[in-house]
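Q: the sequence and its predicted three-dimensional model are supplied below.
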Amino acid sequence: MTKWIMVVDDDTANLQAAGHILSKNNMRVTALKSGKAMLDYIESKGAPDLILLDIKMPEMDGFETLQNLRQLEKKKGLSETPVIFLTADDNTVTETRGFEEGVSDFIRKPFNPDVLIRRLGNVLSMQSEMQNLKNEATRDKLTGFLNKSATASELSRMCTEKEGCILMIDLDSFKLVNDIFGHEMGDQVLIKFARIIAETVPKGSKNGRIGGDEFVSFAVDVTTEEQVAEITKALNDKLMEAAKEMMGKDMKIPLGASVGAIYVPKYGNDYTSVLKYADKCLYVVKKNGKHGYSIYSADAFSDDELKSSNMNIAELGEIMGERTVPNVALQLEMEAFSHVYRYATRYFIRNNINSAKILFTLERSGDVDNATFKNCTDEFGNFIRESLRKSDLLTRVRFNQYYVLLSDMREEFVDKVVDQILSKWKGKYGYEVMITYEKEFVRNEPHPIIEKYDNEVVIVDDDEISLQLIRKILEDADIRVIAMTSGNDFLEYVDHVEKLPDLVLLDINMPGMDGFETLEKLRAKDGDASRMAVLFITADNSDGYEVEGLAMGAMDYIKKPIIPEILLLRVNHILELVKFRKRFNKR
């Protein structure tokens, strides 16, 4: 499939050179002379597969253009387009800033055609792979809709950014399709119904499948009963028409769709909460004839409520507050806890308060009978409630599990709190149950902390000075480093190590076996080793080495002498991509 590349540069000669190189390599090219022209073009005609963006342009430079592009993509609900900066500048600060703001790569001007194509190909290949992995992890395989977890994530975002309506949609009498016509026909009905939903709700809406025949949609800009009624009627009419085409005109199954609806943000912008109300509305439809809709309303007061006088703030405070605040943790049932938990989390973030989460699990030990075990689990809940501070929260998530939120907690004290609880419990109640726990510390510092990943990098370089310099740069950034002086040592290490490194920094000019031969032998291996991320390093300034290295599948290429900031940015950039790949491959 032909890739669409947009080149943005105020220099006509550069536009022509890039356009000639790309067109010659069977790519569709759009050439524009300013950031504003690019934004206007994307606004009206859509985004390309990749943008080559000059940094130094009058009126709006590359950095400002990139920021405006990301805002436009967010506004239109588009995926982020990969951007490669074009520059004649060797300034370290410029490259550092570019990577920090999310560019995929840098290409130096004047262009070397082979380097341009190879670097562009690397970015497009990685973008395609990440998109495929993301689709596999977030899409329902049958319908192509968002799966349950991705639906929660995407619709949570929509609820905070858009106005519209959450529609919970359930197929009526679908079980009969499976029973009479078989599950293969049932799958075909679900696939067809997903297409019907997608074409019926307004453009820009998001749709997910959250159960066997349950769907949910954030219908953008749907704010009236007339719109909900129109969508519901269209779903039912189109579904019945499609069902008769698939199962025959004499099909007698009363197939249809019931819809529970709630307006957002009119009745809230928390997806989990509003979905519960939409589900209750759906239940009303199911119990009253099906094939229809019900819309949540907060105005359905009883006559007694309408006649009663309004309350004042003091009365409300007395009803909802505690007359005396006991010196124990606040224990709530799960639903109430979830609302307080969300508020507490927001408060902690806003006020830079650290917190800790602990999940206690009790298991029977020895010959403890059911009654004794149940009594122990009850007593343990009372015990931890009395052991914690009045500013802490807890809830019982299972009969033998308690979830605790510790506020304003320093990380080094978390284990001490848990040890104190468990030791006192054992001293008081003996060993009738076995107690385990999981913990999570949440840091909310005034200044954001760079997340540290458990990354391992191998450096292969016969130059001891270069080896030690690179090692220090990476280890100072909390990256674990293994140093080797030859390709043979590295290949032998790969054959015997239990966990492969995340990235290999491979010098090209080494005696015996150079970097190119080492990579060639690495790619010939079986399994994950053949796909290991490689970054070439070399003191050779010729473009030929860079072209050859990128052509062999290296993810990047850095020239010596090493500039610490650039090395670290490029290594972290690759490690982020590797982390993304691993995360989605595990799902």
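A: Received it, and whenever you're ready, just let me know what you need. None of the values given here were measured: they were computed from a predicted structure.

Q: okay, the helix or strand in which Lys579 is found in PDB with CA atoms only?
A: Using DSSP states H and E, Lys579 maps to helix 564-585. What follows is helix 564-585, C-alpha atoms only, in PDB (Å, rounded to 0.1, in the frame of the first residue of the first chain):
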ATOM      1  CA  PRO A 564      25.600  12.200  26.500                       C
ATOM      2  CA  GLU A 565      22.300  14.000  26.100                       C
ATOM      3  CA  ILE A 566      21.800  12.700  22.600                       C
ATOM      4  CA  LEU A 567      22.800   9.100  23.400                       C
ATOM      5  CA  LEU A 568      20.400   9.000  26.400                       C
ATOM      6  CA  LEU A 569      17.500  10.500  24.500                       C
ATOM      7  CA  ARG A 570      17.900   8.100  21.600                       C
ATOM      8  CA  VAL A 571      18.400   5.100  23.900                       C
ATOM      9  CA  ASN A 572      15.300   6.000  26.000                       C
ATOM     10  CA  HIS A 573      13.300   6.600  22.800                       C
ATOM     11  CA  ILE A 574      14.100   3.000  21.600                       C
ATOM     12  CA  LEU A 575      13.500   1.500  25.100                       C
ATOM     13  CA  GLU A 576      10.000   3.200  25.200                       C
ATOM     14  CA  LEU A 577       9.200   1.500  21.900                       C
ATOM     15  CA  VAL A 578      10.500  -1.900  23.200                       C
ATOM     16  CA  LYS A 579       8.500  -1.500  26.300                       C
ATOM     17  CA  PHE A 580       5.400  -0.800  24.300                       C
ATOM     18  CA  ARG A 581       6.000  -3.800  22.100                       C
ATOM     19  CA  LYS A 582       6.500  -6.100  25.200                       C
ATOM     20  CA  ARG A 583       3.400  -4.700  27.000                       C
ATOM     21  CA  PHE A 584       1.000  -5.500  24.100                       C
ATOM     22  CA  ASN A 585       2.600  -8.800  23.200                       C
END
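
Q: from memory Leu469 sits against Leu567, does it?
A: No: Leu469 lies out of contact with Leu567 (CB atoms under 8 Å); the separation is 9.1 Å. (C-beta placed from N, C-alpha, C; glycine too.)

Q: returning to what we had before: state the mean pLDDT of the helix holding Lys579.
A: Helix 564-585 carries an average pLDDT of 81.

Q: swap in stretch 440-454?
A: Stretch 440-454 carries an average pLDDT of 63.

Q: what helices or strands is the helix holding Lys579 leaning on?
A: For helix 564-585, the elements it packs on are helix 92-100, helix 113-138, helix 464-476, strand 503-507, strand 533-538, strand 556-559, judged by 3 or more CB pairs under 8 Å, 6 or more residues apart in numbering; DSSP states H and E.

Q: quick one, which of those is nearest to Ser23?
A: helix 113-138 (11.6 Å; CB to CB).

Q: can you tell me which residues contact Ala234?
A: Going by CB atoms under 8 Å, 6 or more residues apart in numbering, Ala234 touches 196, 200.

Q: what helix or strand does it sit in?
A: Per DSSP H and E: Ala234 is located in helix 225-247.

Q: helix or strand next in line after that helix, which one?
A: strand 256-264.

Q: strand partners of that following strand, parallel vs antiparallel please.
A: According to DSSP bridges, strand 256-264 forms sheet pairs with strand 164-172 (antiparallel), strand 293-295 (parallel).

Q: what's the average pLDDT for that strand?
A: Averaging pLDDT along strand 256-264 gives 94.

Q: low-confidence stretches in the stretch 251-400 of the chain?
A: Across the stretch 251-400 of the chain, the ranges flagged by pLDDT under 70 are 298-312, 314-326.

Q: tell me which of the strands paired with strand 256-264 sits nearest to Gly256.
A: Across those, Gly256 has its closest neighbour in strand 164-172 (4.3 Å, CB to CB).

Q: give me the mean pLDDT for the helix or strand just after that closest one.
A: Next helix or strand after strand 164-172 toward the C-terminus (DSSP H and E): helix 174-181. Taken as a whole, helix 174-181 has a mean pLDDT of 90.

Q: can you check what angle separates helix 174-181 from helix 225-247?
A: 10 degrees (axes from the mean of the first three to the mean of the last three CA atoms, to 10 degrees).

Q: may I have helix 174-181 as PDB, with CA atoms only?
A: These are the backbone C-alpha positions of helix 174-181, laid out as PDB (Å, rounded to 0.1, in the frame of the first residue of the first chain):
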ATOM      1  CA  PHE A 174     -30.500 -13.300  20.800                       C
ATOM      2  CA  LYS A 175     -30.200 -16.600  22.600                       C
ATOM      3  CA  LEU A 176     -32.800 -18.000  20.300                       C
ATOM      4  CA  VAL A 177     -30.600 -17.300  17.300                       C
ATOM      5  CA  ASN A 178     -27.800 -19.500  18.800                       C
ATOM      6  CA  ASP A 179     -30.300 -22.200  19.800                       C
ATOM      7  CA  ILE A 180     -32.200 -22.400  16.500                       C
ATOM      8  CA  PHE A 181     -29.600 -21.400  13.900                       C
END
